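A.B. asks: curious how this folds, go ahead:
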Amino acid sequence: MNTLDARGLSCPEPVVMLRKAMASQEPAYQIVVDNPTSRENVTRYAEHQGYQVACVEHGGEYTLSITK
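C.D. replies: Next comes the predicted model:
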């Protein structure tokens, strides 16, 4: 699983990171973001690409597990 750390980055940077990672066409990714806007935008992008997204929030950070 490809894990991305997008903490401290504002949109659209986390989405761009995920898009570049998705070029490898792996079945699963994990990305950590630290703001609700990035969480929403990454979720929307991943779902639009046909992935399912599960989110866990811990201490103001969101870990999104993205799977086909």
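
A.B. asks: CA atoms for contacts and neighbours, from now on please.
C.D. replies: Fine.

A.B. asks: would you agree residue 4 is in contact with residue 30?
C.D. replies: Yes - between residue 4 and residue 30 there is a contact at 6.1 Å, judged by CA atoms under 8 Å.

A.B. asks: quick one: the strands in the protein, in order.
C.D. replies: Along the chain, the stretches classed as strands by DSSP state E are 2-5, 28-33, 52-58, 61-67.

A.B. asks: ok, the residue sitting furthest away from the middle of the chain to residue 32 distance?
C.D. replies: Using CA atoms, centre = their mean, the residue of the chain lying farthest from its centre is residue 59. It sits 17.2 Å away. As judged by CA to CA, to the nearest Å, residue 59 and residue 32 stand 12 Å apart.

A.B. asks: what do those two both touch?
C.D. replies: Counting by CA atoms under 8 Å, 6 or more residues apart in numbering, residue 59 and residue 32 have no common neighbour.

A.B. asks: quick one: contacts for the residue farthest from the centre of the chain?
C.D. replies: Shown in contact with residue 59 (CA under 8 Å, 6+ apart): no residues.

A.B. asks: what does it show for phi and psi?
C.D. replies: When read as degrees, to the nearest 10, the backbone of residue 59 gives phi 60, psi 40.

A.B. asks: pLDDT score for the residue most central in space within the chain?
C.D. replies: Central residue of the chain (CA atoms, centre = their mean): residue 31, 4.2 Å from the mean position. Looking at residue 31, its pLDDT stands at 98.

A.B. asks: residue 23 too?
C.D. replies: For residue 23, the predicted pLDDT is 94.

A.B. asks: neighbours around it, how many?
C.D. replies: Residues near residue 23, counting by other CA atoms under 10 Å, number 8.

A.B. asks: next one: residue 27
C.D. replies: So residue 27, with other CA under 10 Å, has 12 neighbours.

A.B. asks: could you save the strands of the chain as JSON lines and add columns showing distance to residue 43?
C.D. replies: Shown next, in JSON lines, are these (distance: least, CA to CA, whole Å):
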{"stretch": "strand 2-5", "distance to residue 43": "14"}
{"stretch": "strand 28-33", "distance to residue 43": "10"}
{"stretch": "strand 52-58", "distance to residue 43": "6"}
{"stretch": "strand 61-67", "distance to residue 43": "8"}
